[in-house]
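Enquirer: sequence plus the predicted model coming up.
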Amino acid sequence: MRCRSRSFILLITAFALFATTAVWQATQPPADPPLTRNGPPRYWKGNLHTHSFWSDGDDFPEMIADWYKRHGYDFLALTDHNILAEGQKWIDVPPAHATRPLAFKKYVARFGDGWVEERIVKDKDGKDKKQVRLKPLAEYRSLLEEPGKFLLLSGEEITHRYAKAPVHMNAINLRDLVTPADGGNVRETIQVNHRLVAEQKKRTGWRILAFLNHPNFGWGIRAEDMIFAEEMRHFEIFNGHPSVRNYGDDLHPSCEKMWDIVLALRLGKHNLPIVYGLATDDAHGYHTYGLGKVNPGRGWTMVRAPYLTAEALVKALEAGDFYASSGVRLKDVRRNGGTYSLTIEPEKGVTYRTEFIATMKDAPLASKPRRDERGDIVPVTEIYSDDVGKMVAVSEDLQPSYRLTGQELYVRARVLSSKPHPNPYEKGDKEAAWTQPVVP
């Protein structure tokens, strides 16, 4: 009888616990959905080279970020010259200035009097002058960023030179300002400043990307300088600034041809790492648009990453999981075994031509110096064989592919469209895309 009583008590207790648990669960709010989902990586559109009033751009950083956000970009780095957007900085708004009064008027109209900070101070002659405070990145990013939709990255254009040769490079996702350092020549100047970024990366544990800017600007950098600057892993093959000479001239190769020279010599002769190619705006001017102006929207980078975070983007850029574009969009770029394939996202009425470009292992890699009419050596990129960076296949399909033979040092693709660029770098430019090189 006692056993039955004990069993009955245990049964009642268990039932009560079950009922209490059920009531508690029923009264709890539903579980929050996960903040991240393990879906496939996607392409994010962004610009990694932009200037504002913090250096020599002609607009406020919030206005610039707002432009990119409204024009469908997912991320942006403002990379002003030798400065980070932090601390206190005020700029004058002289009434007779070419663009500042207009920029200020547009700034107030877009962001309002409550956001815009201005003051009146005395100039050297004791007259009143108006100044506007430049907001630091830490302040304005909270106004514009949206998780999974728009991200702002810290950045700096490390602006230096060797003798008369400009040597500029961008550092993305910096924590601390990098002060440019001297090198013994152009190559060493590239190397020593890349090392400064690498040191900060190691010291802070942050993912930071460094890349070389516009090598043909001022004809400052030769392909040979880049070949032996081992620390350099990325550079701009397309830059939207009309003065950077992307396409070279009779004496200087284009930036894209320099890319092939660097790849061929690094991989085929010197056992050095691969180099990836970026497209950027280098925008400075935001009030007057047209040919010859330094406008946004000319070139960008499409980065494939699972999340829109600085760490995920830089990681993908380091791995070469991106393509450069001036308008052409790709749904996919894939290496599947021995096949290198692309899927183009078509626009109605637009045709596409994909050129696969490679340097084969048996290509001659010797070079000879360029000489002037008197026979004297000209200090520019040397002359290389036409087999360095030659076209090995062409396709007009929307899903072009190339079957690697194993005899290539590398293969990359260039997609050319029939669509004129709406605000071209140079008259006659059509929209294009460039994929990253792969090796057999």
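Expert: Yep, it's here.
Enquirer: how close does Tyr73 sit to Trp300?
Expert: Counting by Cβ to Cβ, to the nearest Å, the separation of Tyr73 from Trp300 is 7 Å. No exception for glycine: its C-beta is placed from N, CA and C like everyone else's.
Enquirer: what touches both of these two?
Expert: 45-47 (Cβ atoms under 8 Å, 6 or more residues apart in numbering).
Enquirer: coming back round to it: more crowded one of Tyr73 and Trp300?
Expert: Trp300 (28 against 19; other Cβ atoms under 10 Å).
Enquirer: my guess is that one meets Lys45, correct?
Expert: Yes: if you go by Cβ atoms under 8 Å, Trp300 and Lys45 touch, sitting 5.7 Å apart.
Enquirer: which neighbours do the two have in common?
Expert: Overlap of the contact sets of Trp300 and Lys45 (by Cβ under 8 Å, 6+ apart) consists of Tyr73.
Enquirer: so for Arg2, what's the pLDDT?
Expert: For Arg2, the pLDDT comes out at 47.
Enquirer: what's the neighbour count on the residue lying closest to Gly406 once chain neighbours are set aside?
Expert: Nearest residue to Gly406, sequence neighbours excluded (Cβ to Cβ, 6 or more residues apart in numbering): Pro440, at 4.7 Å. Residues near Pro440, counting by other Cβ under 10 Å, number 14.
Enquirer: residues in contact with Pro440?
Expert: 338, 404-408.
Enquirer: again with Gly297
Expert: 71, 240, 281, 283, 422-423.
Enquirer: chain center to the helix or strand that Lys130 is a member of, what's the gap?
Expert: Per DSSP states H and E, Lys130 falls inside strand 128-133. How far strand 128-133 lies from its chain's middle: 34 Å, per Cα atoms, centre = their mean, to the nearest Å.
Enquirer: what residues sit buried inside the next helix or strand along the chain from it?
Expert: Sequence order places helix 137-144 as the next helix or strand after strand 128-133, per DSSP H and E. Neighbour-count burial for helix 137-144 flags 137, 140-141, 144 (criterion: 16 or more other Cβ atoms under 10 Å).
Enquirer: got it, and stretch 354-366?
Expert: 354, 356-360, 363, 365.
Enquirer: could you do stretch 304-317 as well?
Expert: Going by 16+ other Cβ under 10 Å, stretch 304-317 has these buried residues: 304-305, 307-310, 312-317.
Enquirer: farthest-apart pair in those residues, please.
Expert: Arg304 and Ala310 (15.4 Å; Cβ to Cβ).
Enquirer: OK, contacts around Thr351?
Expert: Shown in contact with Thr351 (Cβ under 8 Å, 6+ apart): 396, 417-418.
Enquirer: out of these, who has the most neighbours?
Expert: Ser417 (21 neighbours).
Enquirer: tell me the domain ranges of the chain?
Expert: Here the domain assignment for the chain is 47-89+134-435, 90-133, based on automatic domain parsing.
Enquirer: and of the ones you listed, who's closest to Pro41?
Expert: Going by Cβ to Cβ, the one of these nearest Pro41 is domain 47-89+134-435, 4.7 Å.
Enquirer: ends of that closest one, how far apart?
Expert: Chord length of domain 47-89+134-435, first to last residue, is 16 Å (Cα to Cα, to the nearest Å).
Enquirer: tell me the mean pLDDT over that domain?
Expert: Computed over domain 47-89+134-435, the average pLDDT equals 98.
Enquirer: quick thing: my sequence starts at 2, can you match it?
Expert: Sure, I'll start counting at 2 from here, so that last one is domain 48-90+135-436.
Enquirer: show me where this protein has helices.
Expert: 3-28, 62-71, 101-112, 138-145, 187-205, 224-228, 256-266, 311-320 (DSSP state H).
Enquirer: and the pLDDT for Leu18?
Expert: pLDDT recorded at Leu18 is 48.
Enquirer: quick one: contacts for Trp220?
Expert: Applying Cβ under 8 Å, 6+ apart, the residues contacting Trp220 are 166, 246, 253, 381.
Enquirer: buried among those? Make that a PyMOL selection.
Expert: In PyMOL syntax, the buried subset of the contacts of Trp220 is picked out as below (16+ other Cβ under 10 Å):
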select buried, resi 166+246+253+381
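Enquirer: need the contacts of Trp220 in TSV with distance to Val193, can you?
Expert: Below are the contacts of Trp220 laid out as TSV (distance: Cβ to Cβ, whole Å):
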residue	distance to Val193
Ala166	14
Arg246	25
His253	25
Val381	23
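Enquirer: please compute how far stretch 278-295 lies from its chain's middle.
Expert: 14 Å.
Enquirer: nearest to Asn296, out of the helices of the chain?
Expert: helix 62-71 (10.1 Å).
Enquirer: buried ones in the closest one?
Expert: Quick answer for helix 62-71 (16+ other Cβ under 10 Å): 62-70.
Enquirer: among these, which one sits closest to Glu200?
Expert: Distance to Glu200 across the buried residues of helix 62-71 (Cβ to Cβ) is lowest for Pro62, with 27.1 Å.
Enquirer: how about the nearest residue to that closest one, chain neighbours excluded?
Expert: Closest to Pro62 by Cβ to Cβ, 6+ apart is Ser53, at 4.3 Å.
Enquirer: cool, Ala434 as well?
Expert: Of all residues not flanking Ala434 in the chain, Val329 sits nearest, at 3.7 Å (Cβ to Cβ, 6+ apart).
Enquirer: that neighbour contacts Tyr353, correct?
Expert: Yes: applying Cβ under 8 Å as the test, Val329 and Tyr353 come out as touching, 7.2 Å apart.
Enquirer: between those two, which contacts overlap?
Expert: Shared contacts of Val329 and Tyr353 (Cβ under 8 Å, 6+ apart): 345, 416-418.
Enquirer: make a markdown table from the buried residues of helix 62-71 and add distance to Gln192 to it.
Expert: A markdown table is the format used below for the buried residues of helix 62-71 (distance: Cβ to Cβ, whole Å):
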| residue | distance to Gln192 |
| --- | --- |
| Pro62 | 31 |
| Glu63 | 36 |
| Met64 | 36 |
| Ile65 | 31 |
| Ala66 | 32 |
| Asp67 | 37 |
| Trp68 | 35 |
| Tyr69 | 32 |
| Lys70 | 36 |
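Enquirer: can you tell me which of those residues is closest to Met259?
Expert: Of all the buried residues of helix 62-71, Met259 sits closest to Tyr69, with 28.0 Å by Cβ to Cβ.
Enquirer: and the closest one, what does it touch?
Expert: Taking Cβ under 8 Å, 6+ apart, one finds 48, 51, 77, 297 in contact with Tyr69.
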